[in-house]
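>>> Following is a predicted model, sequence given first.
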Protein chains: 2
Amino acid sequence: MNLKPIQLFDPKSSTFTYILNVPGSPDAVIIDPVDVHWERDLLHLQRLNLKLTYVMETHTHADHVTSAGKLREMTGAKAVVPSGCGISPADIQLRDGDVIHFGAHEEIRALHTPGHTSGSMSYIWRGNVFTGDALLINGCGRTDFQGGSAEALYDSITKKLFDLNETTLVWPCHDYKGQSVSSIAWEKRHNARVSKCDRAAFVNYMNKLDLPKPKLIDIAVPANHNLGLPHGV
Amino acid sequence: MNLKPIQLFDPKSSTFTYILNVPGSPDAVIIDPVDVHWERDLLHLQRLNLKLTYVMETHTHADHVTSAGKLREMTGAKAVVPSGCGISPADIQLRDGDVIHFGAHEEIRALHTPGHTSGSMSYIWRGNVFTGDALLINGCGRTDFQGGSAEALYDSITKKLFDLNETTLVWPCHDYKGQSVSSIAWEKRHNARVSKCDRAAFVNYMNKLDLPKPKLIDIAVPANHNLGLPHGV
(Lines give C-alpha, C1' and ligand atoms only; values in the text may rest on other atoms or scores of the structure.)
Protein backbone atom coordinates (compact mmCIF):
# COMPACT_ATOMS: atom_id res chain seq x y z
CA MET A 1 0.00 0.00 0.00
CA ASN A 2 1.10 3.57 -0.65
CA LEU A 3 2.52 5.22 2.47
CA LYS A 4 3.17 8.90 2.97
CA PRO A 5 6.42 10.33 4.31
CA ILE A 6 6.84 12.83 7.13
CA GLN A 7 7.46 16.25 5.60
CA LEU A 8 9.58 18.86 7.41
CA PHE A 9 10.23 22.42 6.25
CA ASP A 10 13.03 24.97 6.38
CA PRO A 11 11.38 28.39 6.03
CA LYS A 12 14.66 30.19 5.23
CA SER A 13 15.39 28.23 2.03
CA SER A 14 11.85 26.82 1.59
CA THR A 15 13.37 23.33 1.57
CA PHE A 16 11.46 20.14 2.37
CA THR A 17 13.13 17.30 4.22
CA TYR A 18 11.45 13.90 4.25
CA ILE A 19 11.51 11.03 6.72
CA LEU A 20 10.45 7.65 5.35
CA ASN A 21 9.39 4.82 7.62
CA VAL A 22 6.94 1.96 7.81
CA PRO A 23 4.84 1.26 10.92
CA GLY A 24 6.15 -1.78 12.75
CA SER A 25 9.80 -1.28 11.75
CA PRO A 26 12.29 1.09 13.44
CA ASP A 27 14.26 1.68 10.22
CA ALA A 28 14.02 5.11 8.64
CA VAL A 29 15.51 7.06 5.76
CA ILE A 30 15.90 10.82 5.53
CA ILE A 31 16.01 12.72 2.23
CA ASP A 32 17.55 16.20 1.79
CA PRO A 33 18.11 17.27 5.42
CA VAL A 34 19.13 20.90 6.10
CA ASP A 35 22.19 21.83 8.19
CA VAL A 36 20.55 23.97 10.86
CA HIS A 37 17.81 21.42 11.49
CA TRP A 38 19.89 18.36 12.35
CA GLU A 39 18.79 18.42 15.98
CA ARG A 40 15.12 18.89 15.04
CA ASP A 41 15.36 15.99 12.62
CA LEU A 42 17.11 13.71 15.15
CA LEU A 43 14.39 14.60 17.66
CA HIS A 44 11.73 13.51 15.18
CA LEU A 45 13.46 10.16 14.79
CA GLN A 46 13.71 9.86 18.57
CA ARG A 47 10.07 10.81 19.12
CA LEU A 48 8.92 8.16 16.69
CA ASN A 49 11.42 5.59 18.00
CA LEU A 50 13.14 5.37 14.61
CA LYS A 51 16.70 4.43 13.69
CA LEU A 52 18.27 6.22 10.75
CA THR A 53 19.70 3.78 8.22
CA TYR A 54 20.31 6.05 5.21
CA VAL A 55 20.57 9.78 4.62
CA MET A 56 20.02 10.58 0.96
CA GLU A 57 20.60 13.62 -1.25
CA THR A 58 18.68 14.29 -4.46
CA HIS A 59 21.49 16.56 -5.74
CA THR A 60 24.19 19.03 -4.71
CA HIS A 61 22.11 21.91 -3.41
CA ALA A 62 23.08 25.50 -4.20
CA ASP A 63 20.66 27.29 -1.87
CA HIS A 64 21.27 25.56 1.45
CA VAL A 65 23.77 23.27 3.15
CA THR A 66 22.94 19.65 3.92
CA SER A 67 23.24 18.01 7.33
CA ALA A 68 23.92 14.60 5.79
CA GLY A 69 27.47 14.41 7.17
CA LYS A 70 26.35 15.50 10.62
CA LEU A 71 23.47 13.01 10.69
CA ARG A 72 25.83 10.22 9.55
CA GLU A 73 28.22 11.17 12.35
CA MET A 74 25.42 11.23 14.95
CA THR A 75 23.61 8.03 13.92
CA GLY A 76 25.94 5.81 11.92
CA ALA A 77 23.56 6.03 8.95
CA LYS A 78 25.08 5.62 5.50
CA ALA A 79 25.17 8.67 3.19
CA VAL A 80 23.68 7.92 -0.22
CA VAL A 81 24.07 10.29 -3.18
CA PRO A 82 23.71 10.39 -6.96
CA SER A 83 26.99 9.29 -8.54
CA GLY A 84 27.19 12.32 -10.81
CA CYS A 85 27.06 14.97 -8.08
CA GLY A 86 30.68 15.11 -6.95
CA ILE A 87 29.81 14.26 -3.34
CA SER A 88 32.85 12.06 -2.87
CA PRO A 89 32.73 11.34 0.89
CA ALA A 90 29.36 9.55 0.59
CA ASP A 91 29.11 5.83 1.37
CA ILE A 92 27.02 4.90 -1.65
CA GLN A 93 27.14 6.49 -5.11
CA LEU A 94 23.88 5.66 -6.89
CA ARG A 95 23.45 5.02 -10.58
CA ASP A 96 20.17 5.17 -12.48
CA GLY A 97 17.98 2.23 -11.50
CA ASP A 98 19.87 1.34 -8.32
CA VAL A 99 17.73 0.27 -5.38
CA ILE A 100 18.29 1.05 -1.70
CA HIS A 101 16.71 -1.44 0.72
CA PHE A 102 15.64 -0.60 4.26
CA GLY A 103 13.33 -2.09 6.89
CA ALA A 104 11.85 -5.49 6.16
CA HIS A 105 10.75 -5.02 2.56
CA GLU A 106 11.25 -1.39 1.59
CA GLU A 107 12.81 -0.41 -1.72
CA ILE A 108 13.80 3.08 -2.86
CA ARG A 109 14.57 3.22 -6.56
CA ALA A 110 16.90 5.86 -7.99
CA LEU A 111 15.79 7.58 -11.19
CA HIS A 112 18.36 9.81 -12.87
CA THR A 113 16.53 13.06 -13.67
CA PRO A 114 19.21 15.51 -14.87
CA GLY A 115 18.50 19.08 -15.91
CA HIS A 116 18.46 21.14 -12.72
CA THR A 117 21.95 19.72 -12.19
CA SER A 118 23.59 17.07 -14.32
CA GLY A 119 23.65 14.57 -11.47
CA SER A 120 20.14 15.13 -10.03
CA MET A 121 18.17 12.05 -9.08
CA SER A 122 14.59 11.39 -8.03
CA TYR A 123 13.73 8.65 -5.57
CA ILE A 124 10.72 6.38 -5.86
CA TRP A 125 9.16 4.66 -2.85
CA ARG A 126 5.73 3.08 -2.40
CA GLY A 127 3.76 5.29 -4.76
CA ASN A 128 5.75 8.43 -3.92
CA VAL A 129 8.43 10.21 -5.89
CA PHE A 130 10.86 12.64 -4.26
CA THR A 131 11.77 14.88 -7.17
CA GLY A 132 14.42 17.17 -5.71
CA ASP A 133 14.57 20.36 -7.82
CA ALA A 134 13.56 18.63 -11.07
CA LEU A 135 9.77 18.68 -10.86
CA LEU A 136 8.23 21.14 -8.40
CA ILE A 137 4.51 21.61 -7.68
CA ASN A 138 3.26 23.45 -10.76
CA GLY A 139 6.84 24.36 -11.63
CA CYS A 140 10.37 23.07 -12.07
CA GLY A 141 13.91 23.85 -10.97
CA ARG A 142 16.19 26.30 -12.78
CA THR A 143 18.72 25.00 -15.30
CA ASP A 144 21.46 27.61 -15.42
CA PHE A 145 24.29 26.20 -13.27
CA GLN A 146 25.99 22.98 -12.09
CA GLY A 147 25.66 21.30 -15.48
CA GLY A 148 22.02 22.35 -15.71
CA SER A 149 20.30 21.85 -19.06
CA ALA A 150 16.79 22.85 -20.05
CA GLU A 151 16.78 20.13 -22.72
CA ALA A 152 17.74 17.48 -20.18
CA LEU A 153 15.19 18.73 -17.63
CA TYR A 154 12.36 18.65 -20.18
CA ASP A 155 13.23 15.07 -21.03
CA SER A 156 13.61 14.07 -17.35
CA ILE A 157 10.20 15.46 -16.49
CA THR A 158 8.21 14.47 -19.56
CA LYS A 159 9.85 11.15 -20.42
CA LYS A 160 10.86 9.79 -17.02
CA LEU A 161 8.77 11.35 -14.24
CA PHE A 162 5.57 11.59 -16.30
CA ASP A 163 6.05 7.94 -17.19
CA LEU A 164 5.45 6.94 -13.55
CA ASN A 165 2.04 5.68 -12.45
CA GLU A 166 -0.33 8.67 -12.53
CA THR A 167 -1.38 8.19 -8.90
CA THR A 168 2.24 8.63 -7.75
CA LEU A 169 2.50 11.43 -5.19
CA VAL A 170 5.04 14.14 -6.02
CA TRP A 171 7.09 15.45 -3.09
CA PRO A 172 9.47 18.23 -4.18
CA CYS A 173 12.58 19.59 -2.47
CA HIS A 174 11.11 23.10 -2.39
CA ASP A 175 7.86 24.98 -2.39
CA TYR A 176 7.47 28.74 -2.07
CA LYS A 177 3.67 28.91 -1.79
CA GLY A 178 2.80 26.80 1.23
CA GLN A 179 1.99 23.74 -0.86
CA SER A 180 2.89 20.22 0.24
CA VAL A 181 2.30 17.57 -2.41
CA SER A 182 1.04 16.93 -5.92
CA SER A 183 0.53 13.94 -8.22
CA ILE A 184 2.02 12.84 -11.52
CA ALA A 185 -1.46 12.92 -13.08
CA TRP A 186 -1.99 16.59 -12.18
CA GLU A 187 1.50 17.79 -13.14
CA LYS A 188 1.28 16.01 -16.48
CA ARG A 189 -1.91 17.89 -17.34
CA HIS A 190 -1.47 21.23 -15.58
CA ASN A 191 2.18 22.00 -14.71
CA ALA A 192 2.68 25.64 -15.75
CA ARG A 193 6.16 25.05 -17.15
CA VAL A 194 5.92 21.79 -19.07
CA SER A 195 2.31 20.76 -19.68
CA LYS A 196 1.48 23.40 -22.25
CA CYS A 197 4.59 23.77 -24.36
CA ASP A 198 6.90 21.63 -26.46
CA ARG A 199 10.57 21.02 -25.80
CA ALA A 200 11.80 23.96 -27.90
CA ALA A 201 9.45 26.43 -26.22
CA PHE A 202 10.42 25.15 -22.77
CA VAL A 203 14.13 25.43 -23.56
CA ASN A 204 13.65 28.93 -24.93
CA TYR A 205 11.70 29.97 -21.81
CA MET A 206 14.19 28.48 -19.34
CA ASN A 207 17.22 29.91 -21.16
CA LYS A 208 15.74 33.41 -21.04
CA LEU A 209 14.88 33.37 -17.31
CA ASP A 210 18.02 35.32 -16.34
CA LEU A 211 17.64 34.57 -12.62
CA PRO A 212 19.98 36.09 -10.03
CA LYS A 213 22.81 33.87 -8.80
CA PRO A 214 21.76 31.98 -5.64
CA LYS A 215 23.11 33.87 -2.65
CA LEU A 216 24.63 30.83 -1.00
CA ILE A 217 25.97 28.97 -4.05
CA ASP A 218 29.66 29.67 -3.44
CA ILE A 219 29.36 28.40 0.12
CA ALA A 220 26.72 25.70 -0.34
CA VAL A 221 28.12 23.77 -3.29
CA PRO A 222 31.61 23.15 -1.85
CA ALA A 223 30.07 22.37 1.55
CA ASN A 224 27.55 19.97 0.04
CA HIS A 225 30.30 18.21 -1.94
CA ASN A 226 31.59 17.31 1.53
CA LEU A 227 28.14 16.30 2.93
CA GLY A 228 27.89 19.66 4.69
CA LEU A 229 30.93 19.02 6.89
CA PRO A 230 33.81 21.52 7.13
CA HIS A 231 36.56 20.63 4.66
CA GLY A 232 39.57 18.95 6.17
CA VAL A 233 37.44 17.15 8.78
CA MET B 1 -2.00 -0.30 8.75
CA ASN B 2 -1.20 3.15 10.07
CA LEU B 3 -1.41 5.83 7.40
CA LYS B 4 -0.07 9.35 7.63
CA PRO B 5 -2.08 12.45 6.73
CA ILE B 6 -1.01 15.26 4.45
CA GLN B 7 0.13 18.19 6.60
CA LEU B 8 -0.28 21.79 5.41
CA PHE B 9 0.92 24.91 7.22
CA ASP B 10 -0.19 28.50 7.69
CA PRO B 11 2.96 30.47 8.60
CA LYS B 12 1.02 33.51 9.87
CA SER B 13 -0.77 31.65 12.68
CA SER B 14 1.54 28.59 12.69
CA THR B 15 -1.54 26.42 12.14
CA PHE B 16 -1.50 22.92 10.70
CA THR B 17 -4.28 21.72 8.42
CA TYR B 18 -4.58 18.00 7.69
CA ILE B 19 -5.96 16.07 4.75
CA LEU B 20 -6.84 12.44 5.43
CA ASN B 21 -7.25 9.93 2.63
CA VAL B 22 -6.58 6.30 1.80
CA PRO B 23 -4.98 5.21 -1.49
CA GLY B 24 -7.58 3.67 -3.77
CA SER B 25 -10.50 5.77 -2.52
CA PRO B 26 -11.35 9.33 -3.62
CA ASP B 27 -12.90 10.25 -0.26
CA ALA B 28 -11.03 12.72 1.91
CA VAL B 29 -11.47 14.59 5.18
CA ILE B 30 -9.88 17.91 6.10
CA ILE B 31 -9.18 18.96 9.69
CA ASP B 32 -8.75 22.58 10.83
CA PRO B 33 -8.51 24.44 7.50
CA VAL B 34 -7.51 28.13 7.54
CA ASP B 35 -9.56 30.85 5.80
CA VAL B 36 -6.93 32.31 3.49
CA HIS B 37 -5.84 28.87 2.28
CA TRP B 38 -9.13 27.51 1.00
CA GLU B 39 -7.96 27.66 -2.63
CA ARG B 40 -4.64 26.02 -1.81
CA ASP B 41 -6.45 23.27 0.05
CA LEU B 42 -8.97 22.70 -2.75
CA LEU B 43 -6.05 22.52 -5.19
CA HIS B 44 -4.46 19.80 -3.09
CA LEU B 45 -7.68 17.80 -3.23
CA GLN B 46 -7.84 18.35 -6.99
CA ARG B 47 -4.20 17.41 -7.53
CA LEU B 48 -4.69 14.15 -5.68
CA ASN B 49 -8.08 13.51 -7.31
CA LEU B 50 -9.84 13.58 -3.95
CA LYS B 51 -13.42 14.42 -3.03
CA LEU B 52 -14.01 16.22 0.26
CA THR B 53 -16.60 14.43 2.37
CA TYR B 54 -16.13 16.09 5.77
CA VAL B 55 -14.48 19.25 7.04
CA MET B 56 -13.79 18.97 10.76
CA GLU B 57 -12.85 21.41 13.50
CA THR B 58 -11.02 20.43 16.67
CA HIS B 59 -12.36 23.53 18.48
CA THR B 60 -13.36 27.17 18.06
CA HIS B 61 -10.03 28.76 17.19
CA ALA B 62 -9.08 32.15 18.68
CA ASP B 63 -5.97 32.84 16.60
CA HIS B 64 -7.20 32.31 13.06
CA VAL B 65 -10.44 31.96 11.10
CA THR B 66 -11.53 28.63 9.65
CA SER B 67 -12.44 28.02 6.01
CA ALA B 68 -14.85 25.21 6.94
CA GLY B 69 -17.92 27.11 5.72
CA LYS B 70 -16.24 28.10 2.47
CA LEU B 71 -15.03 24.55 1.82
CA ARG B 72 -18.53 23.20 2.53
CA GLU B 73 -19.94 25.72 0.09
CA MET B 74 -17.41 24.83 -2.61
CA THR B 75 -17.53 21.03 -2.27
CA GLY B 76 -20.75 19.98 -0.58
CA ALA B 77 -18.75 18.41 2.25
CA LYS B 78 -20.42 18.21 5.65
CA ALA B 79 -19.07 20.40 8.46
CA VAL B 80 -18.33 18.40 11.60
CA VAL B 81 -17.62 20.06 14.95
CA PRO B 82 -17.46 19.25 18.66
CA SER B 83 -20.89 19.71 20.18
CA GLY B 84 -19.64 21.94 22.99
CA CYS B 85 -18.07 24.61 20.78
CA GLY B 86 -21.05 26.78 19.87
CA ILE B 87 -20.56 26.28 16.14
CA SER B 88 -24.26 26.05 15.43
CA PRO B 89 -24.32 26.08 11.58
CA ALA B 90 -22.36 22.79 11.39
CA ASP B 91 -23.99 19.69 9.93
CA ILE B 92 -22.83 17.29 12.62
CA GLN B 93 -22.31 18.06 16.33
CA LEU B 94 -20.02 15.38 17.75
CA ARG B 95 -20.16 13.94 21.22
CA ASP B 96 -17.37 12.06 22.97
CA GLY B 97 -16.91 8.64 21.37
CA ASP B 98 -18.84 9.45 18.19
CA VAL B 99 -17.41 8.00 14.99
CA ILE B 100 -17.28 9.59 11.54
CA HIS B 101 -17.08 7.14 8.63
CA PHE B 102 -15.54 7.94 5.25
CA GLY B 103 -14.18 6.00 2.30
CA ALA B 104 -14.67 2.26 2.31
CA HIS B 105 -13.68 1.43 5.88
CA GLU B 106 -12.31 4.56 7.52
CA GLU B 107 -13.31 5.58 11.03
CA ILE B 108 -12.46 8.82 12.82
CA ARG B 109 -13.22 8.65 16.52
CA ALA B 110 -13.95 11.80 18.51
CA LEU B 111 -12.30 12.10 21.92
CA HIS B 112 -13.46 14.96 24.11
CA THR B 113 -10.28 16.61 25.39
CA PRO B 114 -11.38 19.82 27.14
CA GLY B 115 -9.02 22.29 28.78
CA HIS B 116 -7.77 24.58 26.01
CA THR B 117 -11.45 25.25 25.40
CA SER B 118 -14.32 23.47 27.11
CA GLY B 119 -15.50 21.91 23.85
CA SER B 120 -12.13 20.85 22.37
CA MET B 121 -11.96 17.44 20.79
CA SER B 122 -9.16 15.26 19.45
CA TYR B 123 -9.71 12.97 16.49
CA ILE B 124 -8.28 9.47 16.21
CA TRP B 125 -7.67 7.78 12.86
CA ARG B 126 -5.50 4.78 11.97
CA GLY B 127 -2.81 5.21 14.59
CA ASN B 128 -2.87 9.00 14.42
CA VAL B 129 -4.37 11.53 16.83
CA PHE B 130 -5.14 15.11 15.80
CA THR B 131 -4.92 16.90 19.10
CA GLY B 132 -5.95 20.46 18.22
CA ASP B 133 -4.57 22.82 20.88
CA ALA B 134 -4.75 20.27 23.70
CA LEU B 135 -1.46 18.40 23.33
CA LEU B 136 1.24 20.15 21.28
CA ILE B 137 4.70 18.77 20.46
CA ASN B 138 6.56 19.12 23.76
CA GLY B 139 3.91 21.55 24.96
CA CYS B 140 0.20 22.19 25.35
CA GLY B 141 -2.40 24.84 24.60
CA ARG B 142 -3.19 27.76 26.92
CA THR B 143 -6.14 27.49 29.27
CA ASP B 144 -7.19 31.06 30.02
CA PHE B 145 -10.21 31.68 27.76
CA GLN B 146 -13.27 30.07 26.11
CA GLY B 147 -14.00 27.86 29.10
CA GLY B 148 -10.37 26.86 29.38
CA SER B 149 -9.32 24.94 32.47
CA ALA B 150 -5.83 23.83 33.46
CA GLU B 151 -7.34 21.04 35.57
CA ALA B 152 -9.38 19.75 32.65
CA LEU B 153 -6.43 19.99 30.24
CA TYR B 154 -4.17 18.02 32.59
CA ASP B 155 -6.79 15.29 32.81
CA SER B 156 -7.44 15.31 29.05
CA ILE B 157 -3.75 14.90 28.28
CA THR B 158 -2.71 12.50 31.00
CA LYS B 159 -5.85 10.37 31.34
CA LYS B 160 -7.23 10.37 27.79
CA LEU B 161 -4.50 11.13 25.25
CA PHE B 162 -1.75 9.32 27.16
CA ASP B 163 -4.06 6.32 27.40
CA LEU B 164 -3.86 5.83 23.61
CA ASN B 165 -1.52 3.25 22.14
CA GLU B 166 2.03 4.54 22.64
CA THR B 167 2.87 4.28 18.94
CA THR B 168 0.05 6.70 18.07
CA LEU B 169 1.39 9.66 16.06
CA VAL B 170 0.53 13.08 17.51
CA TRP B 171 -0.41 15.76 14.95
CA PRO B 172 -1.10 19.11 16.67
CA CYS B 173 -2.99 22.14 15.40
CA HIS B 174 0.07 24.35 15.87
CA ASP B 175 3.82 24.27 16.06
CA TYR B 176 6.08 27.29 16.41
CA LYS B 177 9.45 25.56 15.98
CA GLY B 178 9.29 23.88 12.57
CA GLN B 179 8.31 20.54 14.04
CA SER B 180 5.80 18.22 12.36
CA VAL B 181 4.84 15.22 14.45
CA SER B 182 5.40 13.40 17.72
CA SER B 183 4.21 10.21 19.40
CA ILE B 184 2.20 9.45 22.52
CA ALA B 185 5.16 7.45 23.90
CA TRP B 186 7.51 10.43 23.65
CA GLU B 187 5.07 13.02 24.96
CA LYS B 188 4.17 10.82 27.92
CA ARG B 189 7.83 10.62 28.96
CA HIS B 190 9.25 13.98 27.85
CA ASN B 191 6.56 16.63 27.31
CA ALA B 192 7.93 19.76 29.02
CA ARG B 193 4.57 20.78 30.46
CA VAL B 194 3.02 17.58 31.75
CA SER B 195 5.56 14.76 31.98
CA LYS B 196 7.49 16.09 34.93
CA CYS B 197 4.89 17.59 37.22
CA ASP B 198 1.74 16.56 39.01
CA ARG B 199 -1.71 18.05 38.45
CA ALA B 200 -1.38 20.75 41.11
CA ALA B 201 1.99 21.95 39.81
CA PHE B 202 0.66 22.01 36.23
CA VAL B 203 -2.42 23.99 37.25
CA ASN B 204 -0.29 26.44 39.21
CA TYR B 205 2.07 26.88 36.25
CA MET B 206 -0.69 27.36 33.68
CA ASN B 207 -2.65 29.78 35.85
CA LYS B 208 0.41 31.99 36.31
CA LEU B 209 1.31 32.22 32.59
CA ASP B 210 -0.34 35.62 32.17
CA LEU B 211 -0.22 35.49 28.36
CA PRO B 212 -1.33 38.42 26.21
CA LYS B 213 -4.83 38.22 24.73
CA PRO B 214 -4.72 36.66 21.24
CA LYS B 215 -4.77 39.50 18.70
CA LEU B 216 -7.53 37.99 16.59
CA ILE B 217 -9.79 36.56 19.33
CA ASP B 218 -12.58 39.15 19.03
CA ILE B 219 -12.78 38.57 15.29
CA ALA B 220 -11.90 34.88 15.11
CA VAL B 221 -14.24 33.42 17.73
CA PRO B 222 -17.48 34.94 16.38
CA ALA B 223 -16.38 34.12 12.81
CA ASN B 224 -15.52 30.54 13.73
CA HIS B 225 -18.88 30.10 15.49
CA ASN B 226 -20.26 30.64 11.97
CA LEU B 227 -17.75 28.28 10.26
CA GLY B 228 -15.73 31.30 9.12
CA LEU B 229 -18.57 32.72 7.02
CA PRO B 230 -19.75 36.33 7.39
CA HIS B 231 -22.70 36.52 9.81
CA GLY B 232 -26.05 36.92 8.17
CA VAL B 233 -25.03 34.84 5.15
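Looks like it arrived, so ask away.

>>> Spatially central residue in chain A, please.
residue A:132 (2.9 Å; C-alpha atoms, centre = their mean).

>>> What separation do you get for the residue nearest to that residue when sequence neighbours are not counted and chain B?
Distance criterion C-beta to C-beta, 6 or more residues apart in numbering or on different chains; nearest residue to residue A:132, sequence neighbours excluded, is residue A:58 at 2.9 Å. Backbone N, C-alpha and C define where each C-beta goes, glycine included. To chain B, residue A:58 is 19 Å away according to C-beta to the nearest C-beta, to the nearest Å.

>>> ditto for residue A:65
16 Å.

>>> Also residue A:116?
For residue A:116, the distance to chain B - C-beta to the nearest C-beta - is 21 Å.

>>> Spatially nearest residue to that residue (excluding sequence neighbours)?
residue A:141 (3.5 Å).

>>> Tell me the confidence at that neighbour?
Note on residue A:141: pLDDT of 98.

>>> Was I right to think it contacts residue A:133?
Yes: in terms of C-beta atoms under 8 Å, residue A:141 counts as a neighbour of residue A:133; the distance is 3.2 Å.

>>> Common neighbours of those two, please.
Counting by C-beta atoms under 8 Å, 6 or more residues apart in numbering or on different chains, the contacts common to residue A:141 and residue A:133 are A:116, A:120, A:174.

>>> What is the neighbour count of residue A:118?
18 (other C-beta atoms under 10 Å in any protein chain shown).

>>> Chain B contacts on chain A?
A:1-11, A:23, A:37, A:40, A:43-44, A:46-49, A:127, A:137, A:167, A:169, A:177-183, A:185-186 (C-beta under 8 Å from any C-beta of the partner chain).

>>> Of those residues, just the buried ones, PyMOL syntax please.
Command for PyMOL, covering only those of those found buried under the criterion 16 or more other C-beta atoms under 10 Å in any protein chain shown:
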select buried, chain A and resi 2+3+4+5+6+7+8+9+10+37+40+43+44+47+48+127+137+169+178+179+180+181+182+183+185+186
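
>>> now, which of the residues of chain A next to chain B lie within strands?
Judged by DSSP state E, the residues of chain A next to chain B include A:6-10, A:169, A:182-183 as members of strands.

>>> Isn't the residue nearest to residue A:132 up against residue A:120?
Yes: shown here, residue A:58 and residue A:120 form a contact pair, counting by C-beta under 8 Å, at 6.3 Å.

>>> anything in contact with each of these two?
A:82, A:132-133.

>>> possible to save those as a markdown table with pLDDT, secondary structure and distance to residue A:191?
A markdown table is the format used below for these (pLDDT from 0 to 100; DSSP: H, G, I helix; E, B strand; the rest coil; distance: C-beta to C-beta, whole Å):
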| residue | pLDDT | secondary structure | distance to residue A:191 |
| --- | --- | --- | --- |
| A:82 | 98 | strand | 23 |
| A:132 | 98 | strand | 16 |
| A:133 | 98 | coil | 14 |
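
>>> ranges for the helices of chain A?
Assigned by DSSP state H, chain A shows helices spanning A:38-47, A:68-75, A:150-155, A:184-190, A:199-207, A:217-225.

>>> Just the buried positions in the last one, please.
Along helix A:217-225, the positions that meet the burial threshold by neighbour count (16+ other C-beta under 10 Å) are A:220-221, A:223-225.

>>> Now do the buried residues in stretch A:106-122.
For stretch A:106-122, by 16+ other C-beta under 10 Å, it's A:106, A:108-122.

>>> and if you look at stretch A:223-233?
In stretch A:223-233, counting by 16+ other C-beta under 10 Å, buried: A:223-229.

>>> Which single one of those residues is nearest to chain B?
Nearest to chain B, judged by C-beta to the nearest C-beta, of the buried residues of stretch A:223-233 is residue A:228 at 18.0 Å.

>>> What sits closest to that closest one if chain neighbours are left out?
Per C-beta to C-beta, 6+ apart, closest to residue A:228 is residue A:66, 4.1 Å.

>>> Tell me the pLDDT of the one you found.
For residue A:66, the model assigns a pLDDT of 98.

>>> Could you double-check that it lies in contact with residue A:31?
No: with contact defined as C-beta under 8 Å, residue A:66 does not reach residue A:31; the gap is 10.5 Å.

>>> residues shared between the contacts of these two?
In contact with both residue A:66 and residue A:31: residue A:57, using C-beta under 8 Å, 6+ apart.

>>> the more surrounded of the two?
The neighbour count for residue A:66 versus residue A:31, taken as other C-beta under 10 Å, is higher for residue A:66 (28 against 24).

>>> surely residue A:36 meets residue A:8?
No: Residue A:36 lies out of contact with residue A:8 (C-beta under 8 Å); the separation is 11.9 Å.

>>> which ones are touching the spatially closest residue to residue A:123 that is not a sequence neighbour?
Here the nearest residue to residue A:123 in space, its sequence neighbours aside, is residue A:130; by C-beta to C-beta, 6+ apart that works out to 4.5 Å. Going by C-beta under 8 Å, 6+ apart, residue A:130 touches A:5, A:18, A:31-32, A:58, A:122-124, A:171-173.

>>> thinking again about what came up before, can you get me a residue count around the residue nearest to residue A:116?
Around residue A:141 there are 26 residues (other C-beta under 10 Å).

>>> Look up how far residue A:224 lies from it.
Noted for residue A:141: a distance of 15 Å to residue A:224, by C-beta to C-beta, to the nearest Å.
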